[in-house]
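1. What follows is a predicted structure for the sequence shown.
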Amino acid sequence: MKRDERWEGVYSFEDSPFIMEILTELRDENTGPIAFRKGLVKLGRYMAYEITKTMATEKVLIRTPLEETEGIIVKDRRNVVIITVLRAAIPLMEGLIKVFEHARVGIVSASRGKAPKFEIEMKYVKVPRIKAEDTVIIADPMIATGSTLIKVLGEVKKYGKAKRYVIVGVLAAPEGITRIKEAHPDVEMFVAAIDRELNDKGYILPGLGDAGDRAFGEPVKV
Ligand SMILES: O=P(O)(O)OC[C@H]1O[C@H](OP(=O)(O)OP(=O)(O)O)[C@H](O)[C@@H]1O
Ligand SMILES: O=c1cc[nH]c(=O)[nH]1
Ligand SMILES: [Mg+2]
């Protein structure tokens, strides 16, 4: 895990060869939907494992079959709310919940309109009560202009004040990170990698394309 000095509380996993190998497969245009979804699940799992290193632990006394000894529990692992941003976060959430198996889960739909406005349509919001001891993990693989997550965070914060707000993503553009940190300075961000820039259609470069379409197929209008 590597802190990015351009912002407070922003981390990438560019120092992890294994996470970078999974990301390489996701970026590759020859990777089909089955491997793409599996890659997102894997990234969710391994990034969640890394994030447990930032969580509070507590000493516990237990007995082995032979004697008493001291161990630990990752206390905050038990107080997690995962917010899944439809569509592309579904496989990422599947990976995250393997590590945060106690998590309550909120589902939020968000669909980004076209450039230059990138208006976010949010029709479906089902979020559990958020408590003071909770770590709220907002899962969205792609952080491009940041508009989606700014809106999602604004909505999620209505459900109670958490101990931590943590975004988990795959790729982020610098523009999006800056906008999110300006709107929500209390948010931490963990992404596999921070890419170069956005193109004029709001896609991350070099990126991996449209994560939702690559995972689930391109939707059509009827
Ligand atoms: O940072 P932003 O500029 O807001 O863009 C990021 C959002 O765009 C994609 O969702 P999209 O609207 O394509 O929906 P989908 O997941 O259903 O494809 C992606 O999954 C993010 O949620
Ligand atoms: O590059 C991008 C930007 C937004 N959403 C995506 O799925 N990909
Ligand atoms: Mg999409």
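-> Thanks, I have the structure now. Numbers count the residues shown, from 1 in each chain. Ligands and ions are numbered 1, 2, ... in the order given.

2. OK, contacts around the residue nearest to K98 when sequence neighbours are not counted?
-> With CB to CB, 6 or more residues apart in numbering as the measure, R45 is the residue that lies nearest to K98, at 5.0 Å, once sequence neighbours are left out. Quick note: C-beta positions are derived from backbone N, CA and C, even for glycine. By CB atoms under 8 Å, 6 or more residues apart in numbering, the contact set of R45 is 95-96, 98-99.

3. Where helices are concerned, which of the residues you listed count?
-> Secondary structure from DSSP state H places 95-96, 98-99 of the contacts of R45 in helices.

4. re the thing from before, please list only the buried members of the contacts of R45.
-> Burial of the contacts of R45 was assessed by neighbour count (16 or more other CB atoms under 10 Å); the buried members are 95-96, 99.

5. Three-state assignment for the residue of the chain found nearest ligand 3, please.
-> Shortest the chain-to-ligand 3 distance, computed as CB to the ion: residue-wise this is G212, at 3.4 Å. Using DSSP: H, G, I helix; E, B strand; the rest coil, the three-state assignment for G212 comes out as helix.

6. What's opposite I194 in the beta bridge?
-> For I194, the beta-bridge partners are A172 (DSSP bridges).

7. Point out the residues in the chain that sit beside ligand 2.
-> For the chain, the residues in contact with ligand 2 under the definition CB under 6 Å from any ligand atom are 142, 144, 202-204, 207, 210-212.

8. Where is the longest helix in the chain?
-> Residue-count comparison of every helix in the chain, with assignments taken from DSSP H, identifies helix 33-51 as the longest.

9. how far out from the middle of the chain is that one?
-> Relative to its parent chain, helix 33-51 has a centroid offset of 10 Å by CA atoms, centre = their mean, to the nearest Å.

10. again, but for stretch 1-17
-> 14 Å.

11. could the ones in helices among the contacts of R45 go into TSV alongside pLDDT?
-> Compiled in TSV, the ones in helices among the contacts of R45 are given as follows (pLDDT from 0 to 100):
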residue	pLDDT
G95	98
L96	98
K98	98
V99	98
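
12. Name the residues of this structure found near ligand 3, please.
-> Taking CB under 5 Å from the ion as the criterion, the chain approaches ligand 3 at residues 210, 212.

13. any low-confidence regions in the chain?
-> Counting by pLDDT under 70, the chain contains no low-confidence residues.

14. tell me which parts of it are close to ligand 1?
-> For the chain, the contact set with ligand 1 under CB under 6 Å from any ligand atom comprises 85-88, 110-112, 118, 140-148, 176, 202, 210-212.

15. From the residues you listed, list the buried ones, please.
-> With neighbours counted by 16+ other CB under 10 Å, these contain buried members at 85-88, 110, 112, 140-148, 176, 202, 211-212.

16. on that earlier part again, now, among the buried ones among the contacts of R45, which is nearest to R78?
-> Minimum separation from R78 among these (CB to CB) is found for V99, which lies at 11.8 Å.

17. who touches the closest one in this structure?
-> Applying CB under 8 Å, 6+ apart, we find V99 in contact with 45, 48-49, 51-52, 77.
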